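Peer 1: Got a sequence here, can you model it:
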Amino acid sequence: MALANLEILRAKTKEKAYRMSDGRGLYLWITPTGGKLWRWAYHFGGKEKLMTFGRYPDVPLALARERHFEARKLLATAIDPMAKRKIEKAARMAPSANPFKSIAAKWVKHWQCGKSSRHVEYVKRRIEADILPHLGARPIAEIEAPELVAMTMAIEQRGARDIAKRALETTGQVFRFAIAHGYTRRNPASEIRPSDILKSTRKVNYARIDAKELPQLLKAIEVYQGTPITRLAIKLIALTFVRTSELIGAKWAEIDLEGARWDIPPERMKMRTPHIVPLAAQAIEVLEMLRTLTGKSEWLFPGDRNARRSMSNNTILKALERMGYKGRMTGHGFRGLASTVLHEKGYAHEHIELQLAHAPRNAVSAAYNHALYLEPRAKMMQDWADFLESTLRGGKVIQFRQPEGMARQTAPVVAMES
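Peer 2: Reported below is the predicted structural model:
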């Protein structure tokens with residue numbers, strides 16, 4: 001049973017010290033002399049440890065519970081709360097030791113130039129959540145490779161292998177910055193590789209259905225019982241086959257309905273170069289419907305809980321799961337479907353790759369390539385939209401437009417029936 005303030009006030013001394021439990025290992029230790037100490041018994045590294053949170057009534061019940069809660073959060077991420085407390089105390093006594101936290105902040109300020117605000121905020125959150133709890137208070141010149149190993153393995157134990165790998169890479173970047181500016185002489189992150197620590201995983205392609213299953217999926221999207229905004233988001237990603245991150249971060253300022261194009265700025269693209277998405281008539285229809293729902297927002301797809309931010313990255317995936325496609329289809333899967341179908345229908349490989357934003361790019365060609373083959377790409381996107389529409393209706397024969405530079409097809413494209 002949890003303690004109550006009145007119960008603590010009435011607690012009397014006994015011949016021997018005794019405890020009054022508040023739950024989850026937290027208890028009040030009452031000594032024969034009348035002292036009342038907050039203690040927490042926990043296990044770390046196979047050993048039982050005892051941590052104190054102060055003396056009652058200097059530390060009241062509510063504050064003791066707060067300190068206990070924070071300590072348990074650290075323990076849940078494989079950090080020893082007592083060890084962290086000692087490190088922080090040592091750092092406070094030696095403010096000139098250049099703690100990792102202050103150097104990391106300087107690195108972020110230097111590194112963020114030219115990066116998208118979304119990416120910068122993500123990296124900041126990852127540093128605060130995954131790196132600083134382990135290394136933040138440590139003098140950067142004293143950090144050794146085993147400490148980085150412990151940090152990386154603790155993150156992996158949460159089932160976050162990719163985040164663990166990125167945390168190690170980010171830590172190495174901070175150390176290189178520190179070396180360049182004279183805060184330390186070596187980079188312990190360079191002495192280890194992720195493969196030395198993390199379990200190897202087999203790369204798995206994004207799940208996607210076969211083309212023959214497309215009619216049923218399109219019908220499921222049409223009758224989806226979730227929010228209209230989510231349904232329109234899935235329809236638009238099917239019509240444009242952009243990456244999920246590019247879709248959910250879309251802003252109305254990027255959309256030119258009269259010009260039938262969507263201009264995605266470089267900071268939102270994986271390749272950090274601008275990208276043009278020609279809009280088919282069906283895509284424009286979706287956008288016009290969407291504008292009645294979200295046109296007053298900055299975002300095409302504002303978040304349900306916070307309209308000042310865009311839709312969650314998992315919204316489309318979860319919607320597909322509710323339709324019965326868990327493990328079988330993702331938002332990214334529409335890219336693979338479009339690539340397969342369009343290649344089979346004879347469209348130029350370079351046109352498809354440019355529209356997928358797969359084409360190799362460099363600083364010289366980036367500004368040119370994004371608008372390359374725009375006219376045939378626009379025709380291709382309209383044909384793709386017509387194909388989806390015909391497939392949804394079931395069995396209607398459509399004639400794909402003549403791909404640029406290709407011989408006329410000898411047979412029409414027939415939409416597959418469900």
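
Peer 1: pLDDT weak spots in the protein?
Peer 2: 1, 90-96, 200-205, 359-370, 395-418 (pLDDT under 70).

Peer 1: so residue 143 makes contact with residue 99?
Peer 2: No - using CB atoms under 8 Å, residue 143 is not in contact with residue 99; the gap is 9.9 Å. (Each C-beta comes from the backbone N, C-alpha and C, glycine too.)

Peer 1: Neighbours of residue 305, how many?
Peer 2: Neighbour count of residue 305, defined by other CB atoms under 10 Å: 7.

Peer 1: Please apply the same query to the one 10 residues further on.
Peer 2: Neighbour count of residue 315, defined by other CB under 10 Å: 22.

Peer 1: cool, the one 4 residues further on as well?
Peer 2: Applying other CB under 10 Å, we find 21 other residues in the vicinity of residue 319.

Peer 1: ditto for residue 2
Peer 2: So residue 2, with other CB under 10 Å, has 11 neighbours.

Peer 1: buried ones in the helix or strand harbouring residue 105?
Peer 2: According to DSSP states H and E, residue 105 maps onto helix 100-111. Of all the residues in helix 100-111, those buried under the rule 16 or more other CB atoms under 10 Å are 100, 101, 103, 104, 107, 108, 111.

Peer 1: Check which helices and strands the helix or strand following it sits against.
Peer 2: Following helix 100-111 in sequence order, the next helix or strand is helix 117-126 (DSSP H and E). Applying 3 or more CB pairs under 8 Å, 6 or more residues apart in numbering; DSSP states H and E, we find helix 117-126 packed against helix 100-111, helix 161-180.

Peer 1: can we see that at 6 Å?
Peer 2: Identification of packing neighbours for helix 117-126 by 3 or more CB pairs under 6 Å, 6 or more residues apart in numbering; DSSP states H and E yields no helix or strand.

Peer 1: got the angle between it and helix 161-180?
Peer 2: Orientation of helix 117-126 against helix 161-180 (axes from the mean of the first three to the mean of the last three CA atoms, to 10 degrees) gives an angle of 90 degrees.

Peer 1: What lies in contact with helix 117-126?
Peer 2: Helix 117-126 is contacted from outside by residue 112, using CB atoms under 6 Å, 6 or more residues apart in numbering.

Peer 1: next structured bit after it?
Peer 2: Downstream of helix 117-126, the next assigned helix or strand under DSSP H and E is helix 132-135.

Peer 1: Tell me how far that next one lies from the chain's centre.
Peer 2: In terms of CA atoms, centre = their mean, to the nearest Å, the centre of helix 132-135 is set 20 Å apart from its chain centre.

Peer 1: hmm, who's touching the following helix or strand past that helix?
Peer 2: Once helix 132-135 ends, the next helix or strand along the chain (criterion: DSSP H and E) is helix 145-156. The list of residues contacting helix 145-156 from outside it, by CB under 6 Å, 6+ apart, reads 78, 130, 134, 163-164, 167-168, 188-189, 191-192, 197-198.

Peer 1: For residue 352, state which of these is nearest.
Peer 2: residue 163 (32.5 Å; CB to CB).

Peer 1: For the closest one, which residues are in contact?
Peer 2: Contact analysis of residue 163 by CB under 6 Å, 6+ apart lists residue 155.

Peer 1: Tell me how far it lies from residue 248.
Peer 2: According to CB to CB, to the nearest Å, residue 163 stands 20 Å off from residue 248.

Peer 1: Secondary structure of residue 49: a strand, I assume?
Peer 2: Yes - the assignment for residue 49, made by DSSP: H, G, I helix; E, B strand; the rest coil, places it in a strand.

Peer 1: That one bridge partners, please.
Peer 2: Beta-bridge partners recorded for residue 49 (DSSP bridges): residue 42.

Peer 1: Residue 55 now?
Peer 2: Going by DSSP bridges, residue 55 forms beta bridges with residue 37.

Peer 1: Determine the number of other residues adjacent to it.
Peer 2: 12.

Peer 1: how close does it get to residue 8?
Peer 2: In this view, residue 55 and residue 8 are 12 Å apart by CB to CB.

Peer 1: Can you get me a residue count around residue 177?
Peer 2: By the measure other CB under 10 Å, the count of residues near residue 177 is 20.

Peer 1: Which residue comes closest to it once chain neighbours are left out?
Peer 2: residue 107 (4.2 Å; CB to CB, 6 or more residues apart in numbering).

Peer 1: Distance of that neighbour relative to residue 175?
Peer 2: According to CB to CB, residue 107 and residue 175 sit 9 Å apart.

Peer 1: same check, this time on residue 84
Peer 2: 21 Å.

Peer 1: The two: which is more packed in?
Peer 2: With neighbours defined as other CB under 10 Å, residue 84 and residue 175 compare such that residue 175 has more, 24 against 17.

Peer 1: Neighbours of the nearest residue to the more buried one once chain neighbours are set aside, how many?
Peer 2: Leaving aside its chain neighbours, residue 175 sits nearest to residue 187 (3.9 Å; criterion: CB to CB, 6+ apart). If you count neighbours by other CB under 10 Å, residue 187 ends up with 18.

Peer 1: now residue 224: how far from residue 321?
Peer 2: In terms of CB to CB, residue 224 sits 12 Å off from residue 321.
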